[in-house]
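Student: structure here, sequence nowhere to be found:
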């Protein structure tokens, strides 16, 4: 919802900046009032049809993802992430469709805004988890830039969680229609900071994906059998990341200049659907079209499950190795000591 940040804060901003001229208007049958009115929630007349269309598209995508997760059971450990992200995105548009008929209901608008703001982060997390499993499945070293596949996958998921939390804080501040202009501006800065973090992590992650792609091509040229469909999967990953990046850049461009009713981005619904809703739907749908289950096959298709006892044993072994290294260094120091 590109317009929702401004929409959620438009009333308080207008009131704070122009309290002398800000007046409440009588809503029409759907609750709509002119954006300049104090009781305005939307900065345009939202389309019921567009919200229903995307609700239907996302419903089809989530049904397909659930079916595919059931079919490729070995990958269900991470397929749930994109399923949950799609459900959140779909729920946002269902609430938005209802909100177009009840435009004075702040709660509908707020919940829709929060869901559409946070859902893409789960889609992004799926991409992070996917590359980690591709590295584990295809590369003999199971590493990129000397970082083990499982480890960098975990790192980037935690980076995603960090950007999620920052954006959540910003979104919660912005969803408060009674906030002052100063608080609203703070919420925008926090939200944009979270978006900037997400984009930064995507750029670093893309460099890992490119390194993986390059190594796979070298192996392919040398005649190593790599399995079927890995090239399509890599390009699907690039596409998904690009769609998420487009959405982030749009958000940053939308609110970077500051909150203003003269800004065309938040005050025209078409921008939201073309640069936010559509890219995220395509990022989800590409994983229906080219599903990891067709590519990640064999014993290394997913990370091995490690039991608690195995984790404990590995930790004890690592501790023993460090202790032995420390003892060896101490023994070496004693040999070099002329007094020894």
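Tutor: Right, received. Where do you want to start? Remember, it's a predicted structure, so these values are computed and weren't measured experimentally.
Student: tell me the buried residues in stretch 70-85?
Tutor: Within stretch 70-85, the residues scored as buried using 16 or more other Cβ atoms under 10 Å are 72, 75, 78-79, 81-85. All C-beta spots, glycine's among them, are computed from the backbone N, C-alpha and C.
Student: let's have those in CSV, adding distance to residue 167, pLDDT and secondary structure.
Tutor: Shown next, in CSV, are those (distance: Cβ to Cβ, whole Å; pLDDT from 0 to 100; DSSP: H, G, I helix; E, B strand; the rest coil):
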residue, distance to residue 167, pLDDT, secondary structure
72, 30, 91, coil
75, 27, 82, helix
78, 22, 88, helix
79, 23, 93, helix
81, 17, 95, helix
82, 18, 97, helix
83, 21, 97, helix
84, 16, 97, helix
85, 14, 97, helix
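Student: closest one of these to residue 245?
Tutor: residue 85 (16.1 Å; Cβ to Cβ).
Student: the closest one reaches residue 284, doesn't it?
Tutor: Yes: if you go by Cβ atoms under 8 Å, residue 85 and residue 284 touch, sitting 7.2 Å apart.
Student: common neighbours of these two, please.
Tutor: residue 123 (Cβ atoms under 8 Å, 6 or more residues apart in numbering).
Student: about what we covered before: tabulate the buried residues of stretch 70-85 (CSV), appending distance to residue 151.
Tutor: What follows is the buried residues of stretch 70-85, written out as CSV (distance: Cβ to Cβ, whole Å):
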residue, distance to residue 151
72, 24
75, 20
78, 16
79, 21
81, 18
82, 22
83, 25
84, 24
85, 23
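Student: now do the helices in this protein.
Tutor: Under the criterion DSSP state H, the chain contains helices at 4-17, 48-71, 76-101, 106-138, 149-174, 181-221, 230-255, 269-272, 278-289, 308-336.
Student: and stretch 256-273, what's buried?
Tutor: So for stretch 256-273, counting by 16+ other Cβ under 10 Å, buried means 259, 263, 265-267, 269, 271-273.
Student: where does pLDDT dip in this structure?
Tutor: Counting by pLDDT under 70, the chain shows low-confidence ranges at 1-22, 177, 225-226, 258-262, 300-301, 303-314, 316, 331-340.
Student: give me that answer again for 50
Tutor: 1-20 (pLDDT under 50).
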